[in-house]
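Q: build the 3D model from these lines:
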Amino acid sequence: MINNIFNFINLHNGEEKKDKVLENVISNISFRGSNLWILACAIIIASVGLNVNSTAVIIGAMLISPLMGPIVGAGFALGTYNFSLLKKSFKNLLIATVVSLTVSAIYFYISPFKDVQSELLARTAPNIYDVLIAFFGGLVGVIAITRVEKGNPIPGVAIATALMPPLCTAGFGLATFNFSYFFGAFYLYTINCFFICIATFFVVKFLQYPSSIIDNKYEKRIRYGISILILIMIVPSFYLAYNLFNEKKFTKTAEQFVQKEFENNGYTVIYKKINYNSNPKTIDIAFLNKKFSNVEIASFNKMLSDNGLENTKLNIRQNDTDIKSEILSEINKFDNNISEKDIAISKLRQELDTYKVSDSSLLKEIQILYPKMQNISYGKIEQYPDTDSTRLQFALIYSGGDIDRIQLKNWLQKRLNEKNIALIKSED
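A: Coordinates of the predicted model:
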């Protein structure tokens, strides 16, 4: 029974020949010619996606990115102790990184839109969860590479490990001279590269790929070096994850305080902004019509520490001009999304209007002039002549007795100012 279970989960089942796998890995390491052009195009696509805050565009850029090649090559080189391959992998990864940073920085420097969108912000503060995503995404990718049947995981790995967006965000940091964004995003990129490489190393060792050296001293040095690097990479991510946890906790506690002390007492909150990163932390709120005295505001501030909000200041905005400017700035953040929807709706309306006959009296006039006509319906339809182009034609469908079709057609042409009129008599 135990043997059957081990056989069921055995990674050696369906494994590709090791020589062939190594050959494929080595062939995908180099960044020359077409690979560089593909990388540059992928970087521009990802930068545009970050610029317009489009998740779909960013995913598309990740799918076409060739960045995984040298990272996986470095993992195979470490696992087989092939130092010439390791040197080649690092060299090509460095080339790819420099090219990516240069292209993205140029794009963001030229781009007139330099607003920090949510997709950009998401890549500036990596944490332990990004380590887990990179490591397990790398595991899936390497396992897929070593299979005879590659299957579907490779595109998913490209999306999950997300190498392109951090690089583009780092380029944004360079272009705008915002070095906190640059270092945060580049740290996320480094985490992704490093843990994909480490995941590759573990799989290569587990599958027992042949080693290039026999000396155990080198093996020990490499293992010690990897262990030290893992610690160096993980410790800051734990700290950032701890900060993220505290920020979420603070935000939730602050919102509960505002709800308990103000909203539950019938005060309508029209503006609320919670800032965890300031010192002291701040909670800014404004009300629709309630005004508080300085004594009341001071008493609310004293209540903050009792509600788990130490080192926090409550600011109640009661200046009408100040409140108006704050609300308008919040509204402006949504203007781009709203305007895009308005454009789409406007286009749909224009398209519908081309097929619509907005004349409520037309049917009554037809019934008076041609009382024998029954079951009348009309509208505009697309006509396909012999040419490739199409044109709209007014069509009137009716049933009933015989009428003077030429007279009706001439009348409709004058009445509607339409040249293309089609009269269709229904036999039903």
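Q: show me the shaky parts of the stretch 301-428 of the chain.
A: By pLDDT under 70, the weakly predicted segments of the stretch 301-428 of the chain are 319-343, 384-390, 428.
Q: quick one: secondary structure of G379?
A: On the three-state scheme (DSSP: H, G, I helix; E, B strand; the rest coil), G379 is labelled strand.
Q: quickly list what it is bridged to.
A: Beta-bridge partners recorded for G379 (DSSP bridges): A395.
Q: quick check, it in contact with L352.
A: No - using Cβ atoms under 8 Å, G379 is not in contact with L352; the gap is 11.2 Å. Every C-beta, even on glycine, is put in place using the N, C-alpha and C of the backbone.
Q: so which of those two has more stuff around it?
A: G379 (13 against 9; other Cβ atoms under 10 Å).
Q: separation between that one and Q350?
A: 17 Å (Cβ to Cβ, to the nearest Å).
Q: what of N28?
A: For N28, the distance to Q350 - Cβ to Cβ - is 48 Å.
Q: looking at those two, which has the bigger crowd around it?
A: Neighbour totals were compared for N28 and Q350, and N28 leads with 16 against 9 (other Cβ under 10 Å).
Q: so what's the nearest residue to the more buried one once chain neighbours are set aside up against?
A: Excluding the flanking residues, the one nearest N28 by Cβ to Cβ, 6 or more residues apart in numbering is G69, at 3.6 Å. Residues in contact with G69 (Cβ atoms under 8 Å, 6 or more residues apart in numbering) are 25, 28-31, 35, 92.
Q: and the least confident of the residues you listed?
A: Within the set of the contacts of G69, pLDDT is lowest for F31 (73).
Q: doesn't that residue belong to a helix?
A: No - the assignment for F31 is coil, going by three-state DSSP, so no helix is present there.
Q: that older thread, out of the contacts of G69, who's nearest S100?
A: F31 (10.3 Å; Cβ to Cβ).
Q: right, and the closest one touches L94 too?
A: No - using Cβ under 8 Å, F31 is not in contact with L94, being 9.5 Å away.
Q: so the two - more neighbours on which side?
A: F31 (22 against 12).
Q: dump stretch 397-408 to PDB, keeping only the CA atoms.
A: Extracted in PDB, the C-alpha atoms of stretch 397-408 (Å, rounded to 0.1, in the frame of the first residue of the first chain):
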ATOM      1  CA  ILE A 397     -42.700  44.400 -43.200                       C
ATOM      2  CA  TYR A 398     -46.500  44.100 -43.500                       C
ATOM      3  CA  SER A 399     -49.400  41.700 -44.300                       C
ATOM      4  CA  GLY A 400     -52.900  42.200 -45.600                       C
ATOM      5  CA  GLY A 401     -54.500  43.300 -48.900                       C
ATOM      6  CA  ASP A 402     -52.900  44.600 -52.000                       C
ATOM      7  CA  ILE A 403     -51.600  48.200 -52.000                       C
ATOM      8  CA  ASP A 404     -49.800  50.400 -54.500                       C
ATOM      9  CA  ARG A 405     -46.200  49.500 -53.500                       C
ATOM     10  CA  ILE A 406     -44.600  52.200 -55.800                       C
ATOM     11  CA  GLN A 407     -46.700  54.900 -54.300                       C
ATOM     12  CA  LEU A 408     -45.900  53.700 -50.700                       C
END
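Q: quick check: buried residues in it?
A: 398, 403, 408 (16 or more other Cβ atoms under 10 Å).
Q: for it, what is the distance to the chain centroid?
A: The chain centroid and the centroid of stretch 397-408 are separated by 58 Å under Cα atoms, centre = their mean, to the nearest Å.
Q: what does it contact?
A: Against stretch 397-408 from outside (Cβ under 8 Å, 6+ apart): 370, 372-378, 423-428.
Q: can you rerun that using 7 Å?
A: 370, 372-378, 423-426, 428 (Cβ atoms under 7 Å, 6 or more residues apart in numbering).
Q: who wins on neighbours among those residues?
A: Y378 (21 neighbours).
Q: correct me, but I95 touches F31?
A: Yes - using Cβ atoms under 7 Å, I95 is in contact with F31, at 5.0 Å.
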